[in-house]
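1. Fold the stuff below for me.
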Amino acid sequence: MIDLGYYMENPKKGAGILAMAAAAFLWSIAGLFIKAIDWNPIAIAGMRSLIASIVVFIYLKHPRIHLSFPQSSSLYLIPYGYSSQ
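-> Model (predicted):
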């Protein structure tokens, strides 16, 4: 049995465990939604990536975008993604 008193004293740990449980639940129902949509698999992957990028930018609030080596080298992945279709 899980001792809930420990998590009541440490709300950040309880929130982390709750976030992991919510992520696991959403991950498991994603397969149901993908099977229900009659889209091209590339379109589904693109929409999932778009939604994920919006969530990350909202979470980061004001991301610092500067042309450092990792950020500028990741720009090469855009043409690579189009060429691998």
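2. For Arg64, which three-state class applies?
-> Following DSSP: H, G, I helix; E, B strand; the rest coil, we place Arg64 in the coil state.
3. Show me which helix runs longest in the protein.
-> Criterion DSSP state H: the longest helix present in the chain is helix 11-36.
4. For that helix, enumerate the helices and strands it packs against.
-> helix 4-9 (3 or more C-beta pairs under 8 Å, 6 or more residues apart in numbering; DSSP states H and E). All C-beta spots, glycine's among them, are computed from the backbone N, C-alpha and C.
5. Could I get the average pLDDT for the helix it packs on?
-> On average, the pLDDT along helix 4-9 is 62.
6. in the chain, what spans have low per-residue confidence?
-> Judged against pLDDT under 70, the low-scoring parts of the chain cover residues 1-8, 10, 63, 65, 71, 81, 83-85.
7. how much space between His62 and Val56?
-> Applying C-beta to C-beta, to the nearest Å, one obtains 13 Å for the distance of His62 from Val56.
8. Tell me which helix or strand Ile51 sits in.
-> Secondary-structure element containing Ile51, defined by DSSP states H and E: helix 41-60.
9. For the protein, which residue occupies the most central location?
-> Centroid check for the chain by C-alpha atoms, centre = their mean gives Ala52 as the closest residue, at 4.6 Å.
10. how much does the longest helix of the chain deviate in direction from helix 41-60?
-> Using axes from the mean of the first three to the mean of the last three C-alpha atoms, to 10 degrees, one finds that helix 11-36 and helix 41-60 are set 160 degrees apart in direction.
11. that older thread, can I get the helix or strand just after the helix holding Ile51 as PDB, trimmed to CA atoms?
-> Read in the C-terminal direction, the helix or strand following helix 41-60 is helix 69-74, with elements assigned using DSSP H and E. What follows is the C-alpha trace of helix 69-74 in PDB, where atoms were taken according to Å, rounded to 0.1, in the frame of the first residue of the first chain:
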ATOM      1  CA  PHE A  69      25.200  26.200 -33.100                       C
ATOM      2  CA  PRO A  70      22.500  23.700 -31.900                       C
ATOM      3  CA  GLN A  71      19.700  26.000 -33.000                       C
ATOM      4  CA  SER A  72      21.200  26.800 -36.400                       C
ATOM      5  CA  SER A  73      22.200  23.200 -37.100                       C
ATOM      6  CA  SER A  74      18.700  22.100 -36.400                       C
END
